[in-house]
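Asker: Need a 3D model of the sequence below.
(one chain, ligands or ions: 1)
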Amino acid sequence: MAATLAKVPACVLKTGILTSLRNNSWARCSSKMPNNMSTFPFLCSVFRGKNSTFQRSGDRFVRLVDQGNCKMDTRQQSNYAFRGAVSTNNALEEQKHDNEEETAQETLRPDEDVVSVVPRADISGKCVVANTEIKAGTHLFTLYGDKLREPTPYTIQVASRAHIHPEGKLIFVNHSCSPNTRFQYTPSWDLYAVRDILPGEELTFDYTTTEWQMAQPFQCNCCSTKCIHKVQGFYFLNSEQKSEREGVISPVIRKQLQE
Ligand SMILES: C[S@@+](CC[C@H](N)C(=O)[O-])C[C@H]1O[C@@H](n2cnc3c(N)ncnc32)[C@H](O)[C@@H]1O
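Answerer: As a prediction, the model looks like this:
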């Protein structure tokens, strides 16, 4: 398997083998692991196989396709997940495979929790991923936490001068311009799946549906064809982007629009 590697310190690319140094022992991974190889999440964020590029999502790898400068997550089409493997000795033979998809190993974990918080390399932070299939309409989180008068990068705006710092995993749900969850606002503020979400898929919502002006705007890397690129709050959207969000904006944004 020809593989290349990005963003991975202490990793070395060798033809046909992806190697990395961990605990002073050389390790290797391939899309199919030998049965006797002990596996645990490894250090790479992205690697390119013969036919596809894979990106780390927690301890899994998901296939990506090119979308210009971006890579598009294709988990909806291909639910294969890869577990990086690191061996504690270097005696294992390289596995050769023509087709990575045929050799993919699904790594659904037996967690009882519906979602997990895992690292996301490309935004140097964390994200929330589904552990199991989540059906459209499933309730995921209720918003609760300390109320602040000023926004922070973590708060969700619930009134013109009130911002909740969410408790629990909700705080790690990232933004997407084509999100798979959204808030509903009565009686409490609750996050629901808006479409079926596959195991390993990241949960996202559209921050511009709840934030009028964000404390700390950021460059979006959701790679959606609808990406607004700079996420800075509903106020800064153009009229087309505003009308696309008409049905999902919070009562706070709606009130601000009327003022
Ligand atoms: C509420 S936090 C979400 C959790 C965050 N990733 C973390 O680990 O702390 C919001 C911050 O995550 C980052 N973020 C969220 N969605 C993003 C996206 N689509 N693109 C780039 N950065 C994003 C931004 O830095 C943003 O200020």
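Asker: Just list the residues touching the residue in the stretch 51-200 of the chain that the ligand sits nearest to, thanks.
Answerer: Checking the stretch 51-200 of the chain residue by residue against the ligand with CB to the nearest ligand atom singles out residue 125 as nearest, at 2.6 Å. To be clear about C-beta, it is placed using only N, CA and C from the backbone, and glycine gets the same treatment. Contact partners of residue 125, counting by CB atoms under 8 Å, 6 or more residues apart in numbering, are 119, 172, 174.
Asker: now swap in residue 258 and tell me
Answerer: Listed by CB under 8 Å, 6+ apart, residue 258 has no contact partners.
Asker: Would you quantify the distance from it to the ligand?
Answerer: Here residue 258 is placed at a distance of 27 Å from the ligand (CB to the nearest ligand atom, to the nearest Å).
Asker: Same check on residue 213?
Answerer: Residue 213 is 14 Å from the ligand, by CB to the nearest ligand atom.
Asker: cool, residue 250 as well?
Answerer: Taking CB to the nearest ligand atom as the measure, residue 250 falls 16 Å from the ligand.
Asker: tell me, how many neighbours does the nearest residue to that residue once chain neighbours are set aside end up with?
Answerer: The spatial neighbour of residue 250 that comes closest, neighbours along the chain excluded (CB to CB, 6 or more residues apart in numbering), is residue 210 at 4.8 Å. Using other CB atoms under 10 Å, residue 210 has 26 other residues around it.
Asker: Compute the distance between residue 210 and residue 170, please.
Answerer: Separation of residue 210 from residue 170 (CB to CB, to the nearest Å): 12 Å.
Asker: Repeat that for residue 254.
Answerer: Distance, residue 254 to residue 170, by CB to CB: 22 Å.
Asker: Please apply the same query to residue 251.
Answerer: Distance, residue 251 to residue 170, using CB to CB: 19 Å.
Asker: next one: residue 159
Answerer: If you go by CB to CB, the gap between residue 159 and residue 170 works out to 18 Å.
Asker: Comparing those two, which shows the higher neighbour count?
Answerer: Shown here are residue 159 and residue 170; by other CB under 10 Å, residue 170 has more neighbours (22 against 13).
Asker: Spell out which parts of the stretch 101-250 of the chain neighbour the ligand.
Answerer: Contacts of the stretch 101-250 of the chain with the ligand, taken as CB under 6 Å from any ligand atom, map to 123, 125-127, 153-154, 171-172, 174-176, 216, 218, 220-222.
Asker: Mind naming the longest helix for this structure?
Answerer: In the chain, with assignment by DSSP state H, the single longest helix is helix 251-258.
Asker: What residues of it count as buried?
Answerer: Of the residues in helix 251-258, 252-253, 256 count as buried by neighbour count, 16 or more other CB atoms under 10 Å.
Asker: need these in CSV with distance to residue 133 and pLDDT, can you?
Answerer: Below are these laid out as CSV (distance: CB to CB, whole Å; pLDDT from 0 to 100):
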residue, distance to residue 133, pLDDT
252, 32, 98
253, 31, 98
256, 36, 95
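Asker: want to try CSV for the residues you listed, with distance to residue 186 as columns?
Answerer: Below are those laid out as CSV (distance: CB to CB, whole Å):
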residue, distance to residue 186
252, 13
253, 15
256, 18
